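Q: Just to be clear, the model below is a prediction. Sequence and coordinates:
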Amino acid sequence: MIENIKIVGTGSKGNSYIIRTDTGEKLLIEAGVSFKAVKEALNFDLTNISGALISHRHGDHSKEINNFIKYGINVYSNSDVNEKFNRVIVLKPQVAVKIGSFKVFPFNVNHDVPCYGYLINQGCDYILFATDTDKIPLTFKIPINVFMIESNYSEKVLFDKMIDDNKTQANTAHILDGHMSAEYANEYIMNHCKTYEYPSKAIMIHLSDTNSDVSVYDDIFKELRKTTDVIYANNGDEIEITESAPF
């Protein structure tokens, strides 16, 4: 059973997450913050780490891969990440693998470089992780109890800013093509809930410093927040996953 998720870093300055089970086993996601910060988040205990999943090659997700490998942590990702760093264990899209006690299902998402999302199963828990993509191309017919997905910007905030901000206008295509809006994240989760019970946690990651707004997000996720703990992730958060999957 998954006990907690630690947010070591989230956002354009660097991403790193730690999933910990009730037996102390750990699965790392992303290597985009200093390895020192990761070690501190692990209380300098590098034992019982099953591996690290990397979504894509951009530095805010991958820059510490070599240090992970140096300290004996198996790193898993797509072939593009392996071409950049070498010694990365290449996963095939939509082919499930076992990493320690975790079952991991990688799938392609839309970004300006090859990028993976991951469906992660451990015991009766299912986590859907997806970042740096404008959409999630697959519909999963299983009861996901933790969504851990990008909510980079609000369409309302972004387009309101475009009216007066030429810099925002110039950067809008990159944002829209390679990052997920809060509106889409909410729609995707709510569509899943038409078939399955509401998740226990919806963890919104990789929020933009300039194009997100908590008050706007509260309104976007208003219906979901009635039944689900919607969390806007911040560096240093430790999120308890006490509920098991809803089945």
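A: Yep, it's here. Numbering: from 1, shown residues only.
Q: can you pull out the strands in this structure?
A: For the chain, strands defined by DSSP state E occupy the ranges 2-9, 16-21, 26-29, 49-53, 75-77, 89-90, 97-99, 102-109, 115-122, 125-130, 146-150, 201-205, 229-232, 238-240.
Q: Quick one: mean pLDDT for the third one?
A: Translated: strand 26-29. Average pLDDT, strand 26-29: 98.
Q: again, but for the last one
A: Rounded to a whole number, the mean pLDDT of strand 238-240 is 98.
Q: Which strands or helices does it pack on?
A: strand 2-9 (3 or more C-beta pairs under 8 Å, 6 or more residues apart in numbering; DSSP states H and E). (Glycine included, C-beta is placed from N, CA and C.)
Q: How far away from the center of its chain is the strand it packs on?
A: Strand 2-9 sits 11 Å away from the centroid of its parent chain (C-alpha atoms, centre = their mean, to the nearest Å).
Q: Adjacent strands (with direction) for that strand?
A: Its sheet considered, strand 2-9 pairs with strand 16-21 (antiparallel), strand 238-240 (antiparallel) by DSSP bridges.
Q: contact partners of the longest one?
A: Contacts with strand 16-21, where a contact means C-beta atoms under 8 Å, 6 or more residues apart in numbering, come from 1-10, 26-33, 37-38, 41-42, 64, 101-102, 120, 122-123, 127, 129, 148, 205.
Q: By neighbour count, sort out the buried ones in these.
A: Neighbour-count burial within the contacts of strand 16-21 applies to 2, 5-10, 26-33, 37-38, 41-42, 64, 102, 120, 122, 127, 129, 148, 205; the criterion is 16 or more other C-beta atoms under 10 Å.
Q: For stretch 133-145, measure first residue to last.
A: 21 Å (C-alpha to C-alpha, to the nearest Å).
Q: Now do the buried residues in that stretch.
A: 133, 134, 136, 143, 144, 145.
Q: Pick out the residue closest to the middle of this protein.
A: residue 129 (4.2 Å; C-alpha atoms, centre = their mean).
Q: Make sure that one is actually in contact with residue 30.
A: No: assessed by C-beta atoms under 8 Å, residue 129 is found out of contact with residue 30, at 9.2 Å.
Q: Which neighbours do the two have in common?
A: 17, 53, 55.
Q: what about the first one, neighbour count?
A: Burial of residue 17, expressed as a neighbour count using other C-beta atoms under 10 Å, amounts to 29.
Q: same deal with the last one?
A: Each residue near residue 55 was counted by other C-beta under 10 Å, and the total is 29.
Q: next one: the second one
A: For residue 53, the neighbour count with other C-beta under 10 Å is 25.
Q: Just list whatever residues bridge to it.
A: Taking DSSP bridges as the rule, residue 53 bridges to residue 29, residue 76.
Q: any idea how far residue 77 lies from residue 58?
A: Distance, residue 77 to residue 58, by C-beta to C-beta, to the nearest Å: 12 Å.
Q: Please identify which of those two sits among more neighbours.
A: The neighbour comparison of residue 77 against residue 58 (other C-beta under 10 Å) goes to residue 77, with 29 against 20.
Q: pretty sure residue 195 is in contact with residue 141, am I right?
A: Yes: using C-beta under 8 Å, residue 195 is in contact with residue 141, at 7.3 Å.
Q: Could I get the strands of the chain in TSV, plus columns for distance to residue 160?
A: Shown next, in TSV, are those (distance: least, C-beta to C-beta, whole Å):
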stretch	distance to residue 160
strand 2-9	28
strand 16-21	30
strand 26-29	32
strand 49-53	35
strand 75-77	36
strand 89-90	42
strand 97-99	43
strand 102-109	27
strand 115-122	28
strand 125-130	26
strand 146-150	20
strand 201-205	20
strand 229-232	19
strand 238-240	30
